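S.K.: Need a 3D model of the sequence below.
(chains A and B)
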There are 2 protein chains.
Amino acid sequence: MRIELICTGDEVLSGKIVNTNYAHISRRLDEVGLDVIWGTTVGDDRARLLEAFQAAAARADAVVVNGGLGPTVDDLSQEIAAEAAGDRLELRQEWLQRMEKHFAQRGRQMPPNNRKQAMLPTTAELIDNPVGTACGFALDIGSARFFFTPGVPRELHRMLDEEVIPRLAAMTGGSTLHRLKRFHSFGIGESRADAMLADVLDLAPDGGIKLGFQAHYPELETKLAARGASEEEIRRNLEPVADEVRRRLGNFVLAEDDDTLESVILDLLARRDMTIAVGEIGTNGMISGRLAGRRGPNGAFRRGIIAADIGEAFAALGLSGAHNGASSEASQCVARGVMSLAETTHGLSVLVEASPTANGRPAGGVIHIAVATGNSAAPRSAEIVGDEHRVRLGAVEMGLDCLRRHLVGLPIEERVDFEKG
Amino acid sequence: MRIELICTGDEVLSGKIVNTNYAHISRRLDEVGLDVIWGTTVGDDRARLLEAFQAAAARADAVVVNGGLGPTVDDLSQEIAAEAAGDRLELRQEWLQRMEKHFAQRGRQMPPNNRKQAMLPTTAELIDNPVGTACGFALDIGSARFFFTPGVPRELHRMLDEEVIPRLAAMTGGSTLHRLKRFHSFGIGESRADAMLADVLDLAPDGGIKLGFQAHYPELETKLAARGASEEEIRRNLEPVADEVRRRLGNFVLAEDDDTLESVILDLLARRDMTIAVGEIGTNGMISGRLAGRRGPNGAFRRGIIAADIGEAFAALGLSGAHNGASSEASQCVARGVMSLAETTHGLSVLVEASPTANGRPAGGVIHIAVATGNSAAPRSAEIVGDEHRVRLGAVEMGLDCLRRHLVGLPIEERVDFEKG
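M.R.: Predicted coordinates:
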């Protein structure tokens, strides 16, 4: 099935906002086995919208249109959809009532403008929007089925998953159930992961699984998109493949599905009544930031100290004694010191030194990590490749991952692909 | 002049990567007064690339194509460009030598694959790429002028500014000099700024200035895009407008052009040999992160303490005495405490408490800020509207902006648009 996307709106066309809706729609369709073959971006302009709708109708079987369903005069999607389909607009009482209820629940009267959002082509199938006033709809233009979706990301995401994708899947005539299994890892690059998992899909007795990757440096997301006629069929095919992916990526898998590295760490700590304090140099405070962002009312993250340099860190922790700049020993002192000062069960220290640029090219950087608990501190040093920004992101991830590995009893010294040598 | 953009590549088409190149190109063109009227996204597919080139050639005067200039077999731009123009490819010795030199400087031999990057249509004008091996080029297809640019953002950005935009400007036949003046502000929403600056362009004696806004919550960027036949003409028109924008936005302007709020603060401190330490609760460490990210070898930022709650902050600072949760008094204690402990000239404290959600909708949050120096601490409290994420971003910005205002002698109590009531 040939699917196209049309994104509308002057702000997207002019680059005033980055078009993340396009990427979201295309990626979600890809995850359920539907390929997008063409994308079009046009502004809030009658002639160009009509031209875009007609061109897509001539090429595609299905078209997802995003944006232009709002209450203002520059929102033209319903009107141009009707024109392209040789149809006219009519007021849909059911949606008008929904909108009036929506406003009433918020203690407000519906502004007259919003009435426009209930005007749909007479042949359109209404598509529900449970979280907003923009009404989605489906309509035939030429021989293509068009699906109109709202530009507000939160509304789009729900409508796409709950309403549009099931209808597109039904058009392919095949199985309509989908499940997406995701693994988040740190330390294995995309091409190596691809090679490591080359034959893993052979384990699905009836197939129906698609393997994909998405690199968000320094993490890699490995995705198994499963489709089948029943939950049982999906489970039968997905389970052996997922188990094998988990086995092969092994120690490098830091979280699955909606979990994150920091949520996994905080859960591990909280379940055992453990607490963590952090000392950071050269990381822009991103370790404390990630742990603090997930804290609950009795969260395991207690305190982070961000210091300009190692001397400042020693002063902040009341550590006496000489230090010779950032070193593994200094990092161990910081991890123990911050744990002791904050009276936590664990301390994490990450010190980063970006190396000077060599021949105009980034020269990577040296990092010293230590995870302290009780009377000991486990060290990990590494040299990360890339520019300053990549070194910093890699150091933050490696620091948190050392803590995770320490908490679950895995080796913290295991080499990652982003290390030198 | 009608300009179109064509973005190529399977990763962009499938949403695997978000298409920031599109937004960058379109925004840069907009800033020099060139409007993009249509955007197309297609994959690495011969038939669809050809169709996209032909459709754009039929509609536009100029087309910027991004991607597909790499050394691998799925990079098809040169080949399809030649086909669409009824031309053939030839080897450009000048570019081959440039590439060989590029590799030699890095102590490597050029892989045979890269030879493909020097194959251009015979009628193509070579466009320089000073930072990579992908050769840009311009070519007529039908009556439209096509500009082919590389997908690597760093290479695209330079080629666009230095090579493509001057050629597009020359095609419009008019003046070819451009300058972009930018003001960064916090506290004035886009629609209010628009109203405040409605008549400001009247101050340019010969016109040639375009006013635009870009909201990156919580900051607003106000842009003056100037064009003229000479630097003198641009200066004559831009200066009175820029002065008036600066006057009207007044205390809310926190930086201009490439400066940022944090760079302005760190410069103000460093110039007077002053230093800063920070205490944060509920901000995910973003204040320390922003200040630490800009530190030089002798940076003014010394230390940040990120605490899980007010009790932890008091413990970290060795403060005794009762506290009744986050309050203005508690924030002043933290600002003074962190300054005293870190032995800095200034201390900044920001405490955020997101309010519980009311009726399923975000209820905003209360923030307490204090800027300490010497024996005093200046307080600022506010209630910010929006969800937890917006409250946090607003608190971070307001905290840093209070420090800026304090350093330059402006009132820190001035109301901002994101406050309640």
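S.K.: mind listing what residue A:209 touches?
M.R.: Each residue near residue A:209 by Cβ atoms under 8 Å, 6 or more residues apart in numbering or on different chains is listed here: A:201, A:224, A:225, A:226, A:237, A:238, A:241. Any C-beta I mention is one placed from the backbone N, CA and C, and that applies to glycine too.
S.K.: Relative to residue B:319, how far out is the fourth one?
M.R.: Distance of residue A:226 to residue B:319, computed by Cβ to Cβ, to the nearest Å: 55 Å.
S.K.: Where does the prediction get shaky in the stretch 301-421 of chain A?
M.R.: Where the stretch 301-421 of chain A drops to pLDDT under 70, the residues are A:322, A:356-361, A:421.
S.K.: Next to chain B, which bits of it? Give me the list.
M.R.: Applying Cβ under 8 Å from any Cβ of the partner chain, we find that the stretch 301-421 of chain A lies next to chain B at A:301-308, A:312, A:315-316, A:341-342, A:359, A:361.
S.K.: Tell me the buried residues within those.
M.R.: Neighbour-count burial (16 or more other Cβ atoms under 10 Å in any protein chain shown) is assigned, among those, to A:301-308, A:312, A:315-316, A:341-342.
S.K.: The closest residue to residue A:153 other than its chain neighbours: how many residues sit nearby?
M.R.: Nearest non-adjacent residue to residue A:153, counting by Cβ to Cβ, 6 or more residues apart in numbering or on different chains: residue A:21, 6.3 Å away. The number of residues packed around residue A:21, counting by other Cβ atoms under 10 Å in any protein chain shown, is 26.
S.K.: Spell out the secondary structure type for residue A:21.
M.R.: helix (DSSP: H, G, I helix; E, B strand; the rest coil).
S.K.: pretty sure it is touching residue A:7, no?
M.R.: Yes: the pair residue A:21 / residue A:7 is scored as a contact, 6.4 Å apart, by Cβ atoms under 8 Å.
S.K.: dump the residue contacts of the residue of chain A positioned farthest from its centre.
M.R.: Distance from the centre of chain A peaks at residue A:321, with 44.5 Å (Cα atoms, centre = their mean). Residue A:321 makes contacts with A:314, A:333, as judged by Cβ under 8 Å, 6+ apart.
S.K.: What helix or strand is it located in?
M.R.: Counting by DSSP states H and E, no helix or strand carries residue A:321.
S.K.: Report the separation between it and chain B.
M.R.: Residue A:321 sits 19 Å away from chain B, going by Cβ to the nearest Cβ, to the nearest Å.
S.K.: again, but for residue A:274
M.R.: Residue A:274 is 14 Å from chain B, by Cβ to the nearest Cβ.
S.K.: Identify the residue nearest that residue in space, chain neighbours excluded?
M.R.: Nearest non-adjacent residue to residue A:274 (Cβ to Cβ, 6+ apart): residue A:345, at 4.2 Å.
S.K.: surely that neighbour meets residue A:275?
M.R.: Yes: between residue A:345 and residue A:275 a contact is recorded at 5.3 Å, counting by Cβ under 8 Å.
S.K.: Which one's more surrounded, the two?
M.R.: For the pair residue A:345 and residue A:275, the greater number of neighbours falls to residue A:275 (21 against 17), based on other Cβ under 10 Å.
S.K.: Mind checking what secondary structure the closest residue to that one other than its chain neighbours has?
M.R.: Excluding the flanking residues, the one nearest residue A:275 by Cβ to Cβ, 6+ apart is residue A:344, at 4.0 Å. Look at residue A:344: counting by three-state DSSP, its state is coil.
S.K.: Surely residue A:344 and residue A:277 touch.
M.R.: Yes: look at residue A:344 against residue A:277 with Cβ under 8 Å: they come within range, at 4.5 Å.
S.K.: quick one: secondary structure of the closest residue to residue A:161 other than its chain neighbours?
M.R.: The shortest distance from residue A:161 to any non-neighbouring residue, by Cβ to Cβ, 6+ apart, is to residue A:28 (6.9 Å). Here residue A:28 is recorded as helix under three-state DSSP.
S.K.: How about the contacts made by residue A:28?
M.R.: A:160, A:161, A:165, B:15.
S.K.: For residue A:112, state which of those is nearest.
M.R.: Closest approach to residue A:112 among the contacts of residue A:28 (Cβ to Cβ): residue A:160, at 29.6 Å.
S.K.: Can you give me the pLDDT of residue A:173?
M.R.: Per-residue pLDDT puts residue A:173 at 75.
S.K.: quick one: which two of the buried ones among the residues of the stretch 301-421 of chain A next to chain B are the most distant?
M.R.: A:301 and A:315 (22.8 Å).
S.K.: Would you mind listing what in the stretch 101-250 of chain A touches chain B?
M.R.: Remark: the part of the stretch 101-250 of chain A in contact with chain B comprises A:105, A:106, A:214, using Cβ under 8 Å from any Cβ.
S.K.: Can you lay out those residues as TSV showing distance to residue B:140?
M.R.: Shown next, in TSV, are those (distance: Cβ to Cβ, whole Å):
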residue	distance to residue B:140
A:105	59
A:106	56
A:214	39
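S.K.: Which ones among the residues you listed map onto helices?
M.R.: Cross-referencing those against helices under DSSP state H gives residue A:105.
S.K.: Which of the residues of the stretch 101-250 of chain A next to chain B has the largest number of neighbours?
M.R.: Among those, residue A:214 has the most neighbours (other Cβ under 10 Å), with 18 neighbours.
S.K.: Spatially nearest residue to that residue (excluding sequence neighbours)?
M.R.: Once flanking residues are discounted, residue A:214 sits nearest to residue A:221: 4.3 Å by Cβ to Cβ, 6+ apart.
S.K.: Report the separation between residue A:418 and chain B.
M.R.: 19 Å.
S.K.: do residue A:280 as well
M.R.: Distance, residue A:280 to chain B, using Cβ to the nearest Cβ: 8 Å.
S.K.: That residue - that's part of a helix, no?
M.R.: No: Residue A:280: not assigned to a helix; according to three-state DSSP it is strand.
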